[in-house]
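>>> A structural model of the following input is requested.
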Amino acid sequence: MRYNRNIEEIKQRINNEPDWEVRARLQTRLDKHEANHRELMRDMDNYEVSGIESWDDFKNSFSSRMDDLGDSLNNFFSTSRNTASINQP
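Numbering: from 1, shown residues only. Predicted coordinates:
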């Protein structure tokens with residue numbers, strides 16, 4: 001899955017960060033993203049079909065949340081909250 005690959009790549013870059021304070025901050029942010037990803041997967045697993053309108057609402061909400069997670073992971077190192085010491089590929 002794309003998100004798992006992105007998370008693994010982020011973990012590698014965090015582990016290569018020489019500044020332990022930056023590394024700790026980044027790991028905390030990544031932990032939140034991973035919790036969000038687990039919650040989304042749990043929601044998908046626990047969804048019970050109850051009509052087309054309900055499915056459409058769920059699908060739209062789920063897709064939006066997945067897109068937000070994907071955007072967050074793709075931009076993980078480019079946010080203004082990070083310092084310049086982060087290793088760029």
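
>>> contacts and neighbour counts: CA atoms only from here.
OK.

>>> quick one, grab the pLDDT at the residue sitting nearest the centre point of the chain.
In the chain, the centroid-proximal residue (CA atoms, centre = their mean) is His33; its distance is 3.8 Å. pLDDT for His33: 94.

>>> name the nearest residue to it, sequence neighbours excluded.
Leu69 (7.1 Å; CA to CA, 6 or more residues apart in numbering).

>>> now the helix or strand containing that neighbour: average pLDDT?
Per DSSP states H and E: Leu69 is located in helix 52-74. Helix 52-74 comes out with an average pLDDT of 92.

>>> which strands and helices sit next to that helix?
helix 2-15, helix 20-46 (3 or more CA pairs under 8 Å, 6 or more residues apart in numbering; DSSP states H and E).

>>> using a markdown table, lay out those together with distance to Asn60.
Compiled in a markdown table, the helices and strands packed on helix 52-74 are given as follows (distance: least, CA to CA, whole Å):
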| stretch | distance to Asn60 |
| --- | --- |
| helix 2-15 | 19 |
| helix 20-46 | 12 |
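
>>> ranking those by mean pLDDT, which is last?
helix 2-15 (a mean of 89).

>>> and that helix with helix 20-46, angle?
On the basis of axes from the mean of the first three to the mean of the last three CA atoms, to 10 degrees, helix 2-15 is oriented at 170 degrees to helix 20-46.

>>> related to what we said a few turns ago, in terms of contact, does the residue nearest to the centre of the chain touch Asp68 like I think?
No: between His33 and Asp68 there is no contact under CA atoms under 8 Å: 10.3 Å.

>>> quick check: phi and psi on Asn75?
phi -110, psi 20 (degrees, to the nearest 10).

>>> so Leu26 makes contact with Asn15?
No: using CA under 8 Å, Leu26 makes no contact with Asn15, being 9.8 Å away.

>>> so for those two, which residue has more residues nearby?
The residue with more neighbours, out of Leu26 and Asn15, is Leu26; 22 against 15, by other CA atoms under 10 Å.

>>> got the contact list for the closest residue to the more buried one other than its chain neighbours?
Counting by CA to CA, 6+ apart, Leu26 lies nearest to Ile14, which is 6.7 Å off, once chain neighbours are set aside. The contact partners of Ile14, taken as CA atoms under 8 Å, 6 or more residues apart in numbering, are 23, 26-27.
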